[in-house]
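J.: Fold the stuff below for me.
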Amino acid sequence: MGLWDKLFGRKKNNTDFEASSPYLPEEKNDVEIVFAEKFTQKGGKFIYSEDVKSTDKFFKLILEENNWSPQDILCFDPKLTQRFGLKILADHFNTHDFKVLLIGCEYLIANKGTVLICHHQLKDYKLESLPDFFIVYSGLDNFVNDVSEGMSNLKNKYADQLPTNITTLNVKNLKDENDFLSYGNSAKNLYLVLQEH
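T.: Okay, the predicted model is just below:
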């Protein structure tokens with residue numbers, strides 16, 4: 001069963017056996033579904049794409065929806081810059097001149113609906129100094145259950161040198177912003193473009 005079927009449901013055959021018993025273990029949702037539910041409940045915009053062609057289409061729609069041009073996009077990743085046909089950054093630039101940051105990610109944290117990133121995505125910038133909107137581009141291999149699993153995977157992935165500036169991206173939620181306890185929270189407006197192939 002593909003991710004599309006998991007996220008949006010697939011009709012069950014009448015021959016599927018449904019058993020419920022206090023002695024059977026609870027059926028758990030797949031990590032992808034848990035992430036998608038938490039992320040969208042918080043207000044993140046989750047976009048599932050089956051291939052490169054549909055990703056390009058969705059990317060253009062995101063720009064149109066927000067009246068952004070390619071010049072409004074800040075991107076530190078040369079592969080993403082080339083992939084989406086963006087202008088290469090000059091040596092000196094002001095992050096406040098951009099409306100959106102396009103990044104990849106390290107991991108998608110299912111139980112929190114957040115995105116684990118580090119200096120590979122942010123360089124040495126603090127979240128507060130970056131645009132309010134982020135477009136996160138990811139594949140299906142980045143899902144983990146929790147931050148602990150993400151950090152363990154990060155240590156294994158970069159065994160020679162653990163990255164710096166490790167943080168999780170949280171979805172900006174207007175309700176939480178009015179709560180004085182969230183003052184200084186660096187949550188962002190997030191689009192996640194998840195491409196299958």
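J.: C-alpha only now, for contacts and for neighbours.
T.: Will do.
J.: just for the protein, where's the confidence low?
T.: 1-29, 174-186 (pLDDT under 70).
J.: At which residues are the helices of it located?
T.: Ranges of helices within the chain are 3-8, 31-41, 52-65, 78-83, 119-122, 147-157, 174-177, based on DSSP state H.
J.: N189: which of the ones you listed is closest?
T.: Nearest to N189, of all the helices of the chain, is helix 174-177, at 10.2 Å by CA to CA.
J.: Give me the contact list for stretch 42-61.
T.: Applying CA atoms under 8 Å, 6 or more residues apart in numbering, the contact partners of stretch 42-61 are 4, 36, 39-40, 84, 113, 171-173, 189-197.
J.: Can I have the buried ones of the residues you listed as a PyMOL selection?
T.: Restricted to buried positions by 16 or more other CA atoms under 10 Å, the PyMOL selection for those reads:
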select buried, resi 36+39+40+113+171+172+189+190+191+192+193+194+195+196
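J.: The helices of the chain into TSV, with extra columns for distance to A90?
T.: Shown next, in TSV, are these (distance: least, CA to CA, whole Å):
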stretch	distance to A90
helix 3-8	39
helix 31-41	34
helix 52-65	22
helix 78-83	13
helix 119-122	16
helix 147-157	30
helix 174-177	34
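J.: Select, out of the ones you listed, the one closest to N94.
T.: When the helices of the chain are compared by CA to CA, helix 119-122 sits nearest N94, at 14.2 Å.
J.: mind saving the C-alpha coords of the closest one as PDB?
T.: Taking C-alpha atoms only, helix 119-122 is exported to PDB below (Å, rounded to 0.1, in the frame of the first residue of the first chain):
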ATOM      1  CA  HIS A 119      23.200  23.900  10.100                       C
ATOM      2  CA  HIS A 120      23.100  21.900   6.800                       C
ATOM      3  CA  GLN A 121      19.700  23.700   6.200                       C
ATOM      4  CA  LEU A 122      20.100  26.900   8.200                       C
END
